[in-house]
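> How does the following fold in three dimensions:
(one chain, ligands or ions: 1)
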Amino acid sequence: MRENIEGRANVDDTPELEAYYADLDRLDTGALWNVANAIEPWEPSSASVPMLWRYNDLRAHVLRSLDLVTPERAGRRVVYLVNPGRRDVAAAVGWLYTGLQVMNPGEVASSHRHASSALRFIMEGEGAYTVVDGHKITLGRNDFVLTPNGTWHEHGVGPDGTTCIWQDGLDIPLVNAMEANFFEVLPGRTQTAAHPVDDTSASFAGPALRPTGTWSKPHSPLLKYEWAPTYAALQRFAATNAGSPFDGALLHYMNPLTGGPVMPTIGAAMQLLRPGEATRAHRHTGSAVYQCAKGSGHSVIAGKRFDWTERDIFVVPSWAWHEHANASASDDACLFQFNDLPVINSLGLYREEERPA
Ligand code: GTQ
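Next up, the predicted model:
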């Protein structure tokens, strides 16, 4: 006997109805009441599983790819992270993709552009760079760099560098779901740098100062968010503000011209958990991919505990309860995240709840 809830489908099968459904099916139609409860859930029910990928488990396998494929043959030498509930769309959580890209000194991946927006978060190695629409950007540990949708980009490691690994984050599953993805390879493989190295950082990373307007592109003019000033800002913020009961001291990376998210579809933040800090649990719509940038701790996600340390990556699915804790009583812990909140917010779909005590 099905539960009879007002307004929810509660129709028992009869031979007449079965025949009717078969007729509808032949006409490529269906009876809404057979699917209504599934397609209109009471609340979000994510297909994504909470997951943690330990860097310690992945690193050796990422490095193995150096001997197995060249960037020329592979296009991009990346090990991507698969959520068991989102294998079909190559997502790590929700509609977000993430992977670990590795390059040796002197290697360059060919320049390309796509309708997907992308970001990188540098995990290890010296000498990495990316070129975005002719702007060459040097990259160091825990730096965060954008390659907004439609921009030509290529990555490499200078000949004097060391083997580099960084995290890629993209909205590939989302853009594919919207059936709006395009991909192009630059004829000639590499761009010629058209600007001095790190020029957009020189122009737009100032302390809330901007040059007289010459920036006409729709994306953030600041393409790199360096670790040292980010961490310094977080420490200042954490020392003078209570922060959020759910996230500790959290700062959003922003487009300095608008104050808004770094890209139309992807937001990013860095949060600091003070020594001993443990946050309260909440849940909200929107999915997030986290990387521990510093320290260690644990998160409880949908009732499951995940212990993390530097470079581990974990995901929080939409509407999953989550809370975070710093394991250390003397040192802070930092979590980098990227998320789909700009999409959720711009569509008016954001909803948040605090877990009742
Ligand atoms: O370098 O833009 O990990 O297009 C997957 C797809 C990286 C990139 C990935 C991509 C890129």
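> how far away is the residue nearest to Glu154 when sequence neighbours are not counted from Ile122?
Distances taken as Cβ to Cβ, 6 or more residues apart in numbering put Ser111 closest to Glu154, at 3.8 Å, once the chain neighbours are dropped. In short, each C-beta sits where N, CA and C put it, glycine included. From Ser111 over to Ile122 the distance is 19 Å, taken as Cβ to Cβ, to the nearest Å.
> So for those two, which sits in the more crowded spot?
Ile122 (23 against 19; other Cβ atoms under 10 Å).
> Just to confirm, what's the three-state secondary structure of that one?
Secondary structure assignment for Ile122 (DSSP: H, G, I helix; E, B strand; the rest coil): strand.
> Would you confirm that it contacts Leu139?
Yes: counting by Cβ atoms under 8 Å, Ile122 touches Leu139, with 4.9 Å between them.
> Find the residues that touch each one of the two.
Ala128, Val145, Cys164, Trp166 (Cβ atoms under 8 Å, 6 or more residues apart in numbering).
> Out of these, who's the most crowded?
Ranking the shared contacts of Ile122 and Leu139 using other Cβ under 10 Å puts Ala128 first, with 29 neighbours.
> Quick check, pLDDT for that residue.
Looking at Ala128, its pLDDT is 98.
> how about it, phi and psi?
The phi/psi pair for Ala128 (degrees, to the nearest 10) reads phi -70, psi 150.
> Confirm for me that it is in contact with Phe121.
No: between Ala128 and Phe121 there is no contact under Cβ under 8 Å: 11.2 Å.
> so what sits against both of these two?
With Cβ under 8 Å, 6+ apart as the test, Ala128 and Phe121 both reach Trp166.
> which residues touch the residue nearest to Glu154?
Here Ser111 is in contact with Val131, Trp152, His153, Glu154, Val185, Leu186, Arg189, Thr190, Gln191 (Cβ under 8 Å, 6+ apart).
> Test of understanding: give the bridge partners of the fifth one.
Val185 has the following beta-bridge partners by DSSP bridges: His112.
> Quick check, pLDDT for it.
94.
> can you count the residues close to it?
12.
> Over to the last one?
Residues lying near Gln191 (other Cβ under 10 Å) number 17.
> about what we covered before: list only buried entries from the contacts of Ser111.
Listed as buried from the contacts of Ser111 are Val131, Trp152, His153, Glu154, Gln191; burial here means 16 or more other Cβ atoms under 10 Å.
> Could you double-check that the first one sits in contact with Thr192?
No: Val131 sits out of contact with Thr192 when judged by Cβ under 8 Å, with a separation of 9.0 Å.
> ok so, going back, so which of the contacts of Ser111 belong to strands?
Judged by DSSP state E, strands contain the following of the contacts of Ser111: Val131, His153, Glu154, Val185.
> of those residues, closest to Arg283?
His153 (34.5 Å; Cβ to Cβ).
> Report the contact partners of the closest residue to that closest one other than its chain neighbours.
Nearest in space to His153, with sequence neighbours left out and distances taken as Cβ to Cβ, 6+ apart, is Thr147 at 4.1 Å. Residues in contact with Thr147, defined by Cβ under 8 Å, 6+ apart, are Ser117, Ala118, Leu119, Arg120, Thr130, Val132, His153, Leu223.
> Spatially, which two of the residues you listed are the most separated?
Among the contacts of Thr147, Ser117 and Thr130 lie farthest apart (Cβ to Cβ), at 13.9 Å.
> now stretch 216-234, how far from the centre of its chain.
16 Å (Cα atoms, centre = their mean, to the nearest Å).
> got the phi/psi numbers for the nearest residue to Val108 once chain neighbours are set aside?
Nearest residue to Val108, sequence neighbours excluded (Cβ to Cβ, 6+ apart): Gly156, at 3.7 Å. When read as degrees, to the nearest 10, the backbone of Gly156 gives phi -160, psi 180.
> what does Phe204 give?
phi -120, psi 0.
> separation between the nearest residue to it once chain neighbours are set aside and Ser117?
Distance criterion Cβ to Cβ, 6+ apart; nearest residue to Phe204, sequence neighbours excluded, is Leu222 at 4.2 Å. Distance from Leu222 to Ser117, counting by Cβ to Cβ: 15 Å.
> Tell me which of the two has more neighbours.
Ser117 (25 against 22).
> Contacts only, for that one.
Per Cβ under 8 Å, 6+ apart, neighbours of Ser117: Leu146, Thr147, Pro148, Asn149, Leu170, Asp171, Met263, Pro264, Thr265, Ile266.
> ok, the third one - contacts?
In this case it means Pro148. Ser117, Ala118, Val132, Lys217, Pro218, His219, Ser220, Met263.
> Which among the residues you listed count as buried?
Here, 16+ other Cβ under 10 Å leaves Ser117, Ala118, Val132, His219, Ser220, Met263 buried among these.
> Just those residues: which are in helices?
Here DSSP state H is the test, and the buried ones among the contacts of Pro148 give no hits in helices at all.
> which bits of this protein sit near the ligand?
Of all the residues in the chain, those in contact range of the ligand (Cβ under 6 Å from any ligand atom) are Arg76, Val78, Gly99, Gln101, His114, Ala118, Thr147, Asp168, Leu170.
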